[in-house]
Structures are given as C-alpha cells and as structure tokens.
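>>> Need the 3D shape of this:
(2 chains)
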Amino acid sequence: MNAVTLQLAIIVGYLLIALAVGLVAYRLTERTAEDFYLASRTLGTVVLLFTTFATLLSAFTFFAGPNIAYANGPEWVLVMGLMDGIIFAVLWYVIGYKQWLLGQQYGYVTLGEMLGDRFGSRWLRGLVAGVSLLWLFPYVMLQQVGAGTALEALTEGTVSYAAGAGLITAFMILYVVAAGMRGIAWTDTIQGAFMLITTWAALLWVLAAVGGPGAATEALASNPDTAGFLSLGGGVYSVPWILSTAITIGFGVAMFPQVNQRFFAAGSRRVLQRSFALWPILCVLLFVPSFMLGAWAAGLGVAVPDGANVLPIVLAEYTPLWFAALIIAGAMAAMMSSSDSMLLSGSSYFTRDLYRPFVDRTLSDRREDLLARGGVVIFATAAFVASLFQPATLFEIGEAAFSGFAQLALPVLLALYWRRTTRAGITAGILSSQAFYMMSLFLAIVPGSYAGWSAGLVGMGLSLLVTAAVSLVTTPAAAERRAIYFDKLGAD
Amino acid sequence: MRRTELGLWIGVAVVLASFAIPWFLWGSATVVAGLPMWLWWHVGWMGLASIVFWVFTRRAWGIGIEPGGRNASEAARGRTDAARGSDAGGESP
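Numbers count the residues shown, from 1 in each chain, chains lettered A, B, ... in the order given. From the prediction side, this is the model:
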C-alpha cells in the first residue's frame, strides 16, 4: 500500500469513528439549545480537559509550532507554556469559574448573554456577539483553507483544494448538526489522547534513530545555521515580543467563543478544580516533544521546502510509513476538532445574541434548537465560500484573531470584578480598543508595534483605561443589575 | 484576613507567571542531559505550577469570587451540585 492510500484510509477511518461517536451522542441529546451547545453542563474532568485542549491547541501544535521552532529556535515552547499553561489557567479560574457560577445560576449559554443581562442591554449583547463573530468567521475560514490545502497535497492533486475543503466542511456540518457539544467533546477526548500518545511516540522514534537527545542537541549546536538556537533569547525572541505574544494570546484564548463557552460546560466544581490543576502539566507534555522535534530537525539538516510543514517531513525521514501516515491523519483530524467547536459556538452567538434579541424575542426552546442547527449550516457554508475566494483581508483578520479577542478580555474582567463598571464604560472600552486594533492592522498611520510591544497589547491597555475612565464619569443605567455579579453569587 | 489571603494568592499567580520563563538564564546555552538548561527549568516550573494550583483548589478555591469565604463556598458547592442533580466527580457537601 502506498503512502497516499494509507493516509486516506486512516483519515476515512478516523471520520467513521468520529461519526459513530457522534451518533451515540445524538441519541443522548435532548432537543434544547442548552444541551446542543453545552451538553447540559455535564462534562467530566477528562472530557473537559481534553476537549479544551483539542479545541485550543491541536492544529497549531502539530503544524505551526514545530515550523516556528524549526525556523527560529525552540524558545516558542516557553511562550506556549507561559500563555497557555499559566496565564490561561489563571484566567480559567478568574474568568471561567465566575462564569461557570453565573451560568449555573442564571442559565447563560454565551458571553454576550451574561454581559447583556448584567448591564441590561441587548445592544451590548449584540456588540459582543458581533465582535466575536467578526474575528471567528475568518478564523474558521483559515481552518478550511488549511484542510483543503493539506488534502490536496496529500492526494497529490487527485482531490482538488475546493473539493477537499468542501468535503471537510460537509462532514463537519453533518457531524456538528447531529452530535452537538456532547459528540464534539467526546471525539475531542479521543483526539487529545491520541495526539499526546503519538507525539511522544514520534519523539522517541526520532530520538532512537538519531542517537538520543544528546546527539540531536549536539547536531543543533554544531550546525552553523542553528548554533544560536540553544541559547535563550536572540533573533525574534526579544523580551517585549515574548511578553506581548504570551499575554495577548493568553487573554485572547479566554475570549475565543469555542473556548469561553467551555467555561460554562463543566459538570461540577470538582471537575473545574481538577482540570485547572492538571492543565500546566498537560500543556508541557504536548509542547515540549512537538516543538523540540521541529528544532532538532533544523539541526539535523532536514530540508523543508518553502510553505511545507516540518513535522510530516521529519517523520517521513525517521519513522515507518504507516506511523507518519497516522500522524498526518491525526493532524487533519486536529484541524477538524478545532473547527467543529468554532462552528458550534459561532452558531450559538448568532442565534442566542443576534437572532433572539433582535429578530424574534419569543423564540421557544424547541425552535431555538432547530435554528441553532441551521446556524451551523449557514456559518460553515459561508466560511467555505469565503475560503474558495481566499480574500487577503479575511486572511489578515483571521491571523490577528487572538489579539482581536484579547481586546475583549479586560473590559469583561472589570465587569466581573469591579462594581463601578457601567454600561457606557464597558461599551466604550470594547468599541475603542476594537477600533484601535483594527486600524493598527489596516491603516499605515496607526503603527503595529510600539518600542517592540505589539499593538494588541497596547490595545488591551487602552480597553482597560477607557472602560475604567468612562465608568468613573458615568452613572449606571436604570436597567443595570449590578447585584447579579456580586451580591447573590454563591449564596442564596 | 480574607483580603490578606487574596493578596497572597495574587502574588503567587504573578510569581508563577513571571518565572515560567527563566529570565536569569537569558543568553545562556548550557546543555544538561541533552536539553538546554532553560528548558529543564521551564518543565520543572510548570510541574510546580500544577502542584501550586492543586494546593489552591484545596485551600482557597472560591476566594475573590464567592462572598463569605471557604465555608460559603462549600455550602454553595453542595447546593449547586444538588440543584443540578448530578454529581459528576463532585464531593459530597
């Protein structure tokens, strides 16, 4: 069997397993939006941990991360550890636990709903959903572009880019519409465990082939191109760059709809506590092998053509065919495991925070459930059509999505913890920092970096200042319900 | 008292974040057992972070969020889990 057939067989095999899991989940799903979006808030520790993990990290850890380590050295591991292992974990408590409590008490399903209720404003709710969809849509499109390109390369052109992206989209629609959050979380769990095991197997395999970590690192040090890789810092890794990247992405992740929504989905407090404590270890277990493989590949002189991914090439060189095929198939599945969650969340923001408050306020549970599934189809199809045209502007927005979401994080934090936050304050904070960050992307007169610190980080500072300042000079609107976040929480 | 404890935990979080990257090894290329020294530090530090987080979940979970402190937190835990009718890995109150 040649490599292409084998890889396709493995991908199809994965899709079939996912479908089977989805069908089981479908049989258990109640016909309500809360069950469809959040699996009725019943996720256990292992499932919550791995679904967050697979949604957040999978495709990046397989492709982009090793590529960066290959090009610039392995310090990216540190950025990942700081932003995901520590900053995101702390936010998991600070934002996530409070959100979970509020969700338990008031039945919130989206971030916009939670804020709109507190500030008595459907416009704020719509604004948060609108901003989130603005960043999410191109990001979903990027995943489809990635999947289409990967399938085309894998089949050596037999499956065209458009057909590849279309096939993946169709499968995801079918899957998400049927399985909902429960099915997605279960396949994510299989996916996460699979990635963890195969990444370590890949590391051990390659190290056995090249004579152990000492020899691999020695090759890195003695190769003139990569001799600087071992020392901490240097090149692109400056202190402001590392901190800007880790902080903006760490905060951005917490506002990413598909991640933020998982804050609501834990089954109990114990689940949250266990996940929180295990998170840094899980991150390091995945990042270190995959990024070191990328860095070692550079030292060993593995040639990677422009635009290609490092990891598949390293595996092809040092491991048997079937194993490399397994990893590539896993990486494809990883992309899907991120996209399906994004589709589900995008649909929930659309139906819950835009359709319901602005189009039909009297939507019944049953109808909302139907509409939610329709939203998945619309969202996925629109992103697929956009991915066919590959518009440059959408690419830029997709790649800037993490920092775009990060602009939401500090106004939300203030709203959760500072009683004086007013509707005018949070609205001004969100609007001004979004406008500033967008301008830094597209207008030449607004710089993208300030003495090495990124516009994303500067925008976060702006959002904090504006929210606080406007809150101080305005009085709460009559419809605001401040007590929701403070006085009643955690007590009867 | 509760405020002091909260300040302490915020300090712990800041320290954990600050030294996830070993700034004091900046520029160092020392290799120990096949990996750069700075990477060993990072791996160890993340392990430490997990332990600290675990201690936090045991001793101070709910601080800064639930009014009234840990007793209220435990009371709320019982109520919330019971109210949801599920005990997915949850403790009994």
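>>> which residues does residue A:239 contact?
Contacts here follow C-beta atoms under 8 Å, 6 or more residues apart in numbering or on different chains; on that basis residue A:239 touches A:233, A:452, B:23, B:26. In this view, the C-beta of every residue, glycine as well, is placed from N, C-alpha and C.
>>> nearest to residue A:133, of these?
Proximity of the contacts of residue A:239 to residue A:133 was ranked by C-beta to C-beta; the top entry is residue A:452 with 31.7 Å.
>>> Please pick the buried ones from the contacts of residue A:239.
Among the contacts of residue A:239, those scoring as buried are residue A:233 (criterion: 16 or more other C-beta atoms under 10 Å in any protein chain shown).
>>> and of the contacts of residue A:239, the nearest to residue A:258?
residue A:452 (31.0 Å).
>>> Surely residue A:237 touches residue A:71?
No: using C-beta atoms under 8 Å, residue A:237 is not in contact with residue A:71, being 11.6 Å away.
>>> ok, stretch A:20-30 near chain B or not?
No: for stretch A:20-30, no contact with chain B is found by C-beta under 8 Å from any C-beta of the partner chain; the gap never falls below 13.8 Å.
>>> Please look at residue A:252 and residue A:400 and confirm they touch.
No: under the criterion of C-beta under 8 Å, residue A:252 makes no contact with residue A:400, lying 9.7 Å away.
>>> quick one on the thing from earlier: neighbour count winner among residue A:237 and residue A:71?
It is residue A:237, of residue A:237 and residue A:71, that has more neighbours when counted by other C-beta atoms under 10 Å in any protein chain shown, with 20 against 15.
>>> Okay, buried residues for the one helix or strand residue A:332 maps to please.
In the assignment (DSSP states H and E), residue A:332 maps to helix A:321-349. Residues of helix A:321-349 classed as buried by neighbour count (16+ other C-beta under 10 Å): A:323-349.
>>> contact partners of the helix or strand following that helix?
Next along the chain after helix A:321-349, taking DSSP H and E as the criterion, comes helix A:356-358. Helix A:356-358 is contacted by residues A:116, A:122, A:125-126, A:363, A:368 when judged by C-beta under 8 Å, 6+ apart.
>>> got those residues as TSV, with pLDDT, distance to residue A:276 and neighbour count columns?
Converted to TSV, the contacts of helix A:356-358 look like this (pLDDT from 0 to 100; distance: C-beta to C-beta, whole Å; neighbours: other C-beta atoms under 10 Å in any protein chain shown):
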residue	pLDDT	distance to residue A:276	neighbour count
A:116	94	27	24
A:122	92	33	18
A:125	95	28	25
A:126	95	32	17
A:363	80	35	18
A:368	84	31	24
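>>> in chain B, which spans are helices?
Secondary structure of chain B by DSSP state H: the helices cover B:2-18, B:37-59, B:70-84.
>>> Return the most buried member of these.
helix B:37-59 (a mean of 19; mean count of other C-beta atoms under 10 Å in any protein chain shown).
>>> Please name every helix or strand in contact with that one.
On a contact count with 3 or more C-beta pairs under 8 Å, 6 or more residues apart in numbering or on different chains; DSSP states H and E, helix B:37-59 meets helix A:76-80, helix A:269-299, helix B:2-18.
>>> can you give me the angle the last one makes with helix A:269-299?
An angle of 20 degrees separates the directions of helix B:2-18 and helix A:269-299 when computed by axes from the mean of the first three to the mean of the last three C-alpha atoms, to 10 degrees.
>>> which stretches of chain B have low pLDDT?
Across chain B, the ranges flagged by pLDDT under 70 are B:1, B:68-93.
>>> Recalculate using a threshold of 50.
B:71-93 (pLDDT under 50).
>>> on that earlier part again, make CSV out of the contacts of helix A:356-358 and add secondary structure and distance to residue A:290.
Formatted as CSV, these follow (DSSP: H, G, I helix; E, B strand; the rest coil; distance: C-beta to C-beta, whole Å):
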residue, secondary structure, distance to residue A:290
A:116, helix, 40
A:122, helix, 44
A:125, helix, 39
A:126, helix, 39
A:363, coil, 44
A:368, helix, 40
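>>> Backbone torsions only: list them for residue A:449.
Main-chain dihedrals, residue A:449, degrees, to the nearest 10: phi -150, psi 150.
>>> let me fix that: residue A:63
phi -110, psi -70.
>>> Run through the residues that contact it.
For residue A:63, the contact set (C-beta under 8 Å, 6+ apart) comprises A:146, A:309, A:311, A:331.
>>> For those, which single residue is the most surrounded?
Most neighbours among the contacts of residue A:63, by other C-beta under 10 Å: residue A:311, with 25 neighbours.
>>> ok, it to chain B distance?
According to C-beta to the nearest C-beta, to the nearest Å, residue A:311 and chain B sit 19 Å apart.
>>> For burial, what's the neighbour tally of residue A:154?
Count around residue A:154 with other C-beta under 10 Å applied: 21.
>>> before we move on, back to that, need the helices and strands packed on helix B:37-59 in JSON lines (columns: distance to residue A:390).
Shown next, in JSON lines, are these (distance: least, C-beta to C-beta, whole Å):
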{"stretch": "helix A:76-80", "distance to residue A:390": "27"}
{"stretch": "helix A:269-299", "distance to residue A:390": "26"}
{"stretch": "helix B:2-18", "distance to residue A:390": "38"}
